[in-house]
Structure formats: structure tokens, C-alpha cells
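In: quick one, fold the following:
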Amino acid sequence: MDSSTQAPVLQIRNIDMNDLETITALLRGFGYPTTLNVMKERLEAVQNDPACCSLVAEMDGQTVGMIELRQVISYCKGQESVAELTAIIVEESLRRNGLGKRLIAAGEDWARSRQLKQIFLCSGNRAERAPARAFYRHLGFEQNGYRFCKSLL
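Out: Residues are numbered from 1 along each chain as shown. All right, here's what the predicted structure looks like:
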């Protein structure tokens with residue numbers, strides 16, 4: 001087989017400051033307005049928080065996706081410590097190729113290594129989020145309740 005036709009190599013690794021520009025671009029591309037300065041502050045906070053896990057997916061040296069989870073303490077019996085999936089993004093041109101599934105699996109591995117009993121996430125109810133909700137269901141997530149928000153500012 002010709003080496004020029006080999007499949008790209010996917011690596012999932014911990015996020016670092018060298019990922020700042022590409023992560024900012026991924027978030028902007030997904031519709032989240034942010035700046036490099038804001039993302040630098042967030043990335044520093046996440047990197048210094050042992051209850052957070054931020055991973056990137058690299059394909060042939062290019063960052064093509066990311067996932068972020070955090071450990072959450074709960075009063076619910078049987079769910080004392082769970083993981084919240086706070087972000088998952090895959091480069092639009094590479095979606096539906098298993099990258100998101102691999103990122104979720106890496107996040108699940110992190111949660112299991114901390115003996116967390118469950119992963120939960122919040123997904124918007126806008127029509128354009130329907131493919132994301134189908135993706136989560138496909139991976140075994142179940143819809144459970146409603147989310148209520150109240151602005152404090």
C-alpha cells in the first residue's frame with residue numbers, strides 16, 4: 001500500500017496552552033463568541049482544576065476536536081459524584097466519522113478512572129441541535145428531565 005493513502009492517525013491527549021488558538025477557532029466555528037484572552041483565562045482555570053478534564057483530538061498534528069468534563073458532587077443517593085460533559089466539538093468537515101464517539105469514550109475513561117457513576121450533559125432544544133441529541137442517544141445517553149436557567153446579572 002502506498003504510504004500517501006494511509007488513514008490519518010488520531011490522537012486524543014490533554015489540552016495545553018499550545019491549543020489556545022485552535023480551540024478558540026473551534027468554539028467560534030460552533031457559534032460560541034469568544035476571544036483568545038477569554039479562552040486563555042478559561043484554559044488556565046481548567047488546567048489548574050483537578051476536577052476538570054479537557055482533551056483534544058489531533059489528526060496528523062491538527063487539532064480537530066475537543067471535549068471537556070468536570071466532576072460534580074451531588075446530594076442524590078447513588079449519584080454522589082458524577083461527571084458533567086460541558087463541551088464536545090468536532091471540526092464540521094470531519095463529523096460523522098467516529099471522532100465524537102472516540103472523544104466521548106475518552107471522557108468516559110476519565111470518569112471511570114475517578115469512580116464517577118454517571119455522565120450527564122445539557123443540550124439545547126433548538127431544531128439545529130437535533131443531530132447532537134440523536135448522537136447522544138446513539139451513544140446510550142437518555143433524556144432525563146428539564147433544565148431551568150435564571151440570569152443573575
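In: which residues are contacting the longest helix that the chain contains?
Out: Scanning the chain for the helix with the most residues, using DSSP state H, yields helix 99-113. Helix 99-113 has contacts (Cβ atoms under 8 Å, 6 or more residues apart in numbering) with 10, 12, 53, 55, 57, 59, 64-67, 69, 71, 83, 85, 88, 90-91, 119, 135, 139. To be clear about C-beta, it is placed using only N, CA and C from the backbone, and glycine gets the same treatment.
In: parallel or antiparallel, list what pairs with the next helix or strand after that helix.
Out: Once the chain leaves helix 99-113, the next helix or strand it forms, by DSSP states H and E, is strand 119-121. Applying DSSP bridges to the sheet, strand 119-121 is found paired with strand 81-90 (parallel).
In: list the buried residues for the strand it pairs with?
Out: Residues of strand 81-90 classed as buried under the neighbour-count rule (16 or more other Cβ atoms under 10 Å) are 82-86, 88-90.
In: who's in contact with it?
Out: So strand 81-90 is contacted by 26-27, 29-30, 53, 57, 64-74, 99-100, 103-104, 107, 110-111, 114-121 (Cβ under 8 Å, 6+ apart).
In: could you rerun that using 7 Å?
Out: Strand 81-90 has contacts (Cβ atoms under 7 Å, 6 or more residues apart in numbering) with 26-27, 30, 64-74, 99-100, 103-104, 107, 111, 116-121.
In: buried subset of those residues?
Out: With burial judged by 16+ other Cβ under 10 Å, the buried subset of the contacts of strand 81-90 is 26-27, 64-69, 71-72, 99-100, 103-104, 107, 111, 116, 119, 121.
In: where does the protein dip in pLDDT?
Out: Residue ranges of the chain with pLDDT under 70: 1-5, 7, 76-79.
In: helices along that one, start to end?
Out: Counting by DSSP H, the helices of the chain are 20-29, 36-47, 99-113, 130-138.
In: quick one: closest of the ones you listed to residue 144.
Out: Comparison of the helices of the chain against residue 144 by Cβ to Cβ identifies helix 130-138 as nearest, at 11.3 Å.
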